[in-house]
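# quick one, what's the 3D model for this:
(chains A and B)
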There are 2 protein chains.
Amino acid sequence: MLNNVMTKLLKIKYPIIQAPMAGGVTASKLVAEVSNSGALGMIGAGYMTPVQIREQIVEIRQLTSNPFGINLFVPNEFKVTDNEIKSANQFLNPIRQQLNLHQKENFEIPDFNNVYEKFIEQIKVVIEEKVPICSFTFGIPSKEVITELKQSNIILVGTATTVREAVENEKAGMDIVVVQGSEAGGHRGSFIDGDQESLVGLMSLIPQVVDNVSITAVAAGGIMDGRGLMASICLGAKGVQMGTAFLSCVESGANKVHKEAILNAKEDQTVLTRSFSGKWARGIKNKFILEMQKHEALLPDFPVQNTLTQDIRKTSSTQKNQDFMSLWSGQSPRLAKSQTVESLIKNIIVEAKKLSYMEAR
Amino acid sequence: MLNNVMTKLLKIKYPIIQAPMAGGVTASKLVAEVSNSGALGMIGAGYMTPVQIREQIVEIRQLTSNPFGINLFVPNEFKVTDNEIKSANQFLNPIRQQLNLHQKENFEIPDFNNVYEKFIEQIKVVIEEKVPICSFTFGIPSKEVITELKQSNIILVGTATTVREAVENEKAGMDIVVVQGSEAGGHRGSFIDGDQESLVGLMSLIPQVVDNVSITAVAAGGIMDGRGLMASICLGAKGVQMGTAFLSCVESGANKVHKEAILNAKEDQTVLTRSFSGKWARGIKNKFILEMQKHEALLPDFPVQNTLTQDIRKTSSTQKNQDFMSLWSGQSPRLAKSQTVESLIKNIIVEAKKLSYMEAR
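Numbering: from 1, shown residues only, chains lettered A, B, ... in the order given. Model (predicted):
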C-alpha cells in the first residue's frame, strides 16, 4: 500500500509530502533533505516574491535531483476600511508597547490587484523553472492558470477541508487533493465553507471525501508517524502530508523558540485564531492569541491583518519571545521530536511496515 | 488484530461497542441485536430511573445471552440562580409558542443531592443485576463506587477527551478508556478540560493517549465502517465505539425524523451546541440551535438547561418536527445507512479483513 498511484504520480518513493509551511519554515535544506529521503519536499511560497522563489528553486536543485514541489496561495478578494484598520491597530498598539516597538499608524495595505499580479508572476516562475508539482491553498486558480500549468506537465495539488471543496478541486482538474482535517496546524485551507462547518476531523473527513471524488486523496492534520500514515491509508487516502512533524526537524527553518514550543506542548494547547493573519489558523495558545481573542470578530481579513501584525511577529521572533509569535502547530505536539528528516522518514516507514504485518494476522 | 485484549476483557467476538446513547435510542432490541451480532450492546441509562434500568436489563436478557453493558452519567456539581432560569426561559418561550406549547414558568429544577442519590441507586441496580460492563461519561465516580463495582467483577469503562482525562481514568482504576474525538456526536464527555481544548481529532488523540496510558483504549467519534475500525487500530486503539452508525440502524429507538436527518446530512452540517442540555454536544444544525446560538453563553449548566428544554424536545419529537429536536450526530453522516445491526457489523468485519489483507501487500 506504500507504493501506489500517489507515489507514481509524484515520482517519489514514500507516500509522504512535507507540508508547504509558509514564512521561512521550508528552508532549502529541509525541502531537499525530504526529497533526498524519498518523500516530497515542498516550498511554502505563499508569501515569497517571484525573485525569492526562483532563488530557492535554484538552491534546492543544488541539494537534490529528486522531485520537489511548491505551494502558492490563491488570492481571495477582500475589502477593508480605514476604520477597521484603525480599530485593529488600537488592539495591536498595546502589544507593540510590550515589545518596545513604535506605534504604527501607516501601513502599506495590500491591494487585491497587486496580490493577484504577484500570484501570476509566481505561477510564471513555477512554469519557467519547471517545478514538477504545484499545490494550492485558499482556493482554486482560474481555468487559464490551470490550463497553462497542465500544458507544462505540472502535477496539480489542491486543498480541501470538506467534501464539497474536494469535489470542486476534482472538477477544476486537480490531480491530487490534500484533505485537511480539523487537527491540522497553521492556516485552514477552507475556501467555500466557513468556520466551524469546515472543522471536520480526519477520521470523518477522509472516507467521506474518497467516497465522493476519484482523484487521489492525501490526508493532512495531526499525522506524525507510521501510525498516522497507516490509519490514513485504511481510511482511503493514498498518503499523508505532514507539517508539524517536519517543522520540528533539525533541518527546518522554523525559529528555535517555535520548535521548542511544539516539543513542550500538549494536545490540548492549540487553538484556532484569526488574530495573526485574518484567516483562521491553528497554533499553540500564547499571550497574543489570548489578548486578541475578544477582538477576533472585528479584525480585518487576510492578508490585511497579516500585514498589520508583521512587525509584531517579526520582533517577537527576533527577540526569541514566544508570547507574540505565531506558533503554528497541529493537534499532535506530544508526538513531535527533534530529529533529522532522514530519521523521521525512516521511522515512519519502519512503523508502517510493522503495522501492515500485524494487521494481517 | 480483531481478537485482542479488548474482546477478551469484554468477552465479545468483535472489537466494537455500540455507544450508550441516552434518551431512548438504545432500545432493548438494539442492545440485544448488537450483542447477538458479536459486538457489545450498551444501555444509555444516563437519564433513566433505577426502576426503568432494571426493567430494561430484564428485557434485554430475554433477547440475548451475550454480554451487554450500561452507561451512567457521573453527576457534576452545578449552581443555578432563579435569574438564569428566568432569562433562559425568555429565550425558550418564543420557541414554545411556535410549537403551540404553554409558556412555562415553574420547573422542577434538579438538586445536586437528588441527582447524586439517583446515581447511587443506578449503581445499586447495576450491581444487583450483575451487568458485566459499566461505562461512565462526564467524569469518574468516587473511589467507593469504583471499589464496589470492582468487587462485583464489573468491567469499568471511562470516557476521555484529552490525554489528561485518560490518565485520570487509568489512575482511578478503569479497565478501558473510550477516547472521544472531536468528531463524535452527542455530548462531549469532557470533565477536566474545557470547550475548545478538548476538541481533539481522533487522528491526533488516539496515538497521544495510547503513548500515555497502559489500559485499553477504544476510539469513538465519526467511526462508521471497517475503514474507521482499521484506522483506529493502526493508531493504537484496540477497538471502536460507534454511535451514529447504530443510531441509524433499523433496530435503534431513535425517532424516525432523527434517523432521516442523519441519512440526509453532510459532514459539514453538524455543530457543537449547549443549547439543548447545558453541556456541549454535537448535532445537526437546526432551527433551535440557530435561534439559541447567540444566547449560548448565558444558558444554565447541565442538567438544568436539559430540564428547561424537555417539553420543547418532547413535543417537537412527537410532532415529527425536526426544527426543535436534538439531532445528535457525529461528523460522518454521509456514511450512515438504514440497515440492520447484523448487516452493519458484518460489513464492518468484511471490510476490516479486506483492508488487513491489502495493507500487508
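# against chain B, how distant is A:Val131?
For A:Val131, the distance to chain B equals 29 Å [Cβ to the nearest Cβ, to the nearest Å]. In this view, the C-beta of every residue, glycine as well, is placed from N, C-alpha and C.
# excluding chain neighbours, what is closest to that residue?
Nearest non-adjacent residue to A:Val131, counting by Cβ to Cβ, 6 or more residues apart in numbering or on different chains: A:Ile70, 5.0 Å away.
# and the closest residue to A:His187 other than its chain neighbours, how far from chain B?
Leaving out its chain neighbours, the residue that sits closest to A:His187 by Cβ to Cβ, 6+ apart is A:Ala281, at 4.4 Å. Remark: distance between A:Ala281 and chain B (Cβ to the nearest Cβ) = 14 Å.
# show me what A:Ala281 is bridged to.
Applying DSSP bridges to A:Ala281 yields these beta-bridge partners: A:His187, A:Thr273.
# so for it, what's the pLDDT?
In this prediction, A:Ala281 carries a pLDDT score of 96.
# can you get me a residue count around it?
For A:Ala281, the count of nearby residues is 21 (other Cβ atoms under 10 Å in any protein chain shown).
# that one reaches A:Thr273, doesn't it?
Yes. Using Cβ atoms under 8 Å, A:Ala281 is in contact with A:Thr273, at 6.4 Å.
# rewinding a little: list the contacts of the residue nearest to A:Val131.
A:Pro20, A:Met42, A:Ile43, A:Ala45, A:Ile53, A:Ile57, A:Val126, A:Val131, A:Ile133, A:Cys134, A:Ser135 (Cβ atoms under 8 Å, 6 or more residues apart in numbering or on different chains).
# for A:Val209, same thing?
A:Ala160, A:Val163, A:Ala166, A:Val177, A:Val179, A:Ala217, A:Gly236.
# from A:Val213, how far off is the residue nearest to it when sequence neighbours are not counted?
The shortest distance from A:Val209 to any residue other than its chain neighbours is 4.6 Å, reached at A:Ala166 (Cβ to Cβ, 6+ apart). The gap separating A:Ala166 from A:Val213 is 5 Å, by Cβ to Cβ, to the nearest Å.
# between those two, who's got more neighbours?
Neighbour count, other Cβ under 10 Å: between A:Ala166 and A:Val213, A:Ala166 has more, with 25 against 19.
# may I see the buried residues of the secondary structure element (helix or strand) that that one belongs to?
Element membership for A:Ala166 (DSSP states H and E) is helix A:163-172. Buried residues in helix A:163-172, counted by 16 or more other Cβ atoms under 10 Å in any protein chain shown: A:Val163, A:Arg164, A:Glu165, A:Ala166, A:Val167, A:Glu168, A:Asn169, A:Glu170, A:Ala172.
# again with stretch A:253-269
By neighbour count on 16+ other Cβ under 10 Å, the buried set for stretch A:253-269 is A:253-255, A:257-262, A:265-269.
# now what about it, what contacts it?
A:21, A:24-27, A:30, A:244, A:247-248, A:252, A:284-286, A:317, A:320-322, A:325, A:327-329, A:331-334, A:336-338, B:162-164, B:193, B:197-198, B:200, B:204-205, B:208.
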